[in-house]
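> Sequence unavailable; structure follows:
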């Protein structure tokens, strides 16, 4: 439960008396609560400020970057900071509704709009997180260089530190001829079924970003890794912003990053999936 000291701190920040604080599902990293005041509801996320330095700062940056694309609904950031050893992020509560009849078509169109936001580089202004793991965003001039150096290499290095063994030289070489060179896209970066909700108008709302200007097929690949997205999303997306020829043949290549993340977070049950993809592209 939230301590009385934290509640008092949040009341001061929100200029409102908190009348209720109920736990919500928040995963392994954050403790999440629904805060009620006399007029509004808020979601507060808490974690260890020492263990996860600047995590919420990165999340705020990611949410505001997504908002700047004028595509999806994005929860408003109310307050964020630290109190003693706790880092916190207070967001507006999105009152979920039933999906609109054209929810999936809207999702695809909005994702295409998001991906049309671009920069002259691959990377981001700051490093951020993918789950509880650091995600690096040094600027790169090409999609191949970014995916190899900023996505795959840190995860392979971490997995090797944890006792796993890979042969990746041929994979790294072949990537040069597989990944298309197109302008970078602003991506959500961790777009699985748990990171969208339905807003009060029945439209998609994105949460928990791991953003970067990156190959847009990373979002497409993650969406297909664990399911949760209707096929109409991809049809609608392609009508607005067609994917490069052969994109279906690259899905597993871009899923490799996310499977490496799961290997490093959850252990050896993901090793075979990682190795199968290495073999496929080597």
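Arrived safely. Computed from a predicted structure; not experimentally measured. Numbering: from 1, shown residues only.
> count of neighbours near the closest residue to residue 202 other than its chain neighbours?
Distances taken as CB to CB, 6 or more residues apart in numbering put residue 100 closest to residue 202, at 3.3 Å, once the chain neighbours are dropped. For glycine as for every other residue, the C-beta is placed from the backbone atoms N, C-alpha and C. Close neighbours of residue 100, defined as other CB atoms under 10 Å, add up to 15.
> is it true that residue 100 touches residue 200?
No: counting by CB atoms under 8 Å, residue 100 sits too far from residue 200 to count as a contact (10.9 Å).
> how close does the residue nearest to residue 202 sit to residue 199?
Distance, residue 100 to residue 199, using CB to CB, to the nearest Å: 10 Å.
> before we move on, which element is the closest residue to residue 83 other than its chain neighbours in?
Counting by CB to CB, 6+ apart, residue 9 is the residue found nearest to residue 83 once chain neighbours are left out, at 5.1 Å. Element membership for residue 9 (DSSP states H and E) is helix 4-14.
> buried set for that helix?
For helix 4-14, burial by neighbour count (16 or more other CB atoms under 10 Å) applies to 6, 7, 9, 10, 14.
> do you know how far the closest residue in space to residue 137 that isn't next to it in sequence is from residue 88?
Nearest residue to residue 137 in three dimensions, chain neighbours excluded: residue 124, at 3.7 Å (CB to CB, 6+ apart). Taking CB to CB as the measure, residue 124 and residue 88 are separated by 23 Å.
> more crowded one of these two?
Just comparing residue 124 and residue 88: by other CB under 10 Å the higher neighbour count belongs to residue 124, 26 against 23.
> How is this structure divided into domains?
4-92, 103-280 (automatic domain parsing).
> List the beta-bridge partners for the closest residue to residue 145 other than its chain neighbours.
Distances taken as CB to CB, 6+ apart place residue 122 nearest to residue 145, at 7.3 Å, with adjacent residues excluded. Beta-bridge pairing for residue 122 (DSSP bridges): residue 140.
> show me what contacts residue 259?
For residue 259, the contacting residues are 225, 270, 273, 274, 277, by CB atoms under 8 Å, 6 or more residues apart in numbering.
> can you give me how far stretch 5-25 is from the chain middle?
27 Å (CA atoms, centre = their mean, to the nearest Å).
> for the residue lying closest to residue 160 once chain neighbours are set aside, what are its contacts?
Spatial nearest neighbour of residue 160, excluding adjacent residues (CB to CB, 6+ apart): residue 166 at 7.1 Å. The contact partners of residue 166, by CB under 8 Å, 6+ apart, come to 156, 159, 160, 274, 275, 278.
> how far away is residue 166 from residue 184?
Using CB to CB, one gets 27 Å for the distance from residue 166 to residue 184.
> And the helices in this protein?
Using DSSP state H, the helices found in the chain span residues 4-14, 55-67, 103-115, 143-146, 153-161, 169-178, 217-225, 232-240, 251-266, 271-280.
> Does the last one pack against any helices or strands, and if so which?
In this structure, helix 271-280 makes packing contacts with helix 251-266, judged by 3 or more CB pairs under 8 Å, 6 or more residues apart in numbering; DSSP states H and E.
> swap the cut-off to 10 Å and go again
Helices and strands touching helix 271-280, by 3 or more CB pairs under 10 Å, 6 or more residues apart in numbering; DSSP states H and E, are helix 153-161, helix 169-178, helix 251-266.
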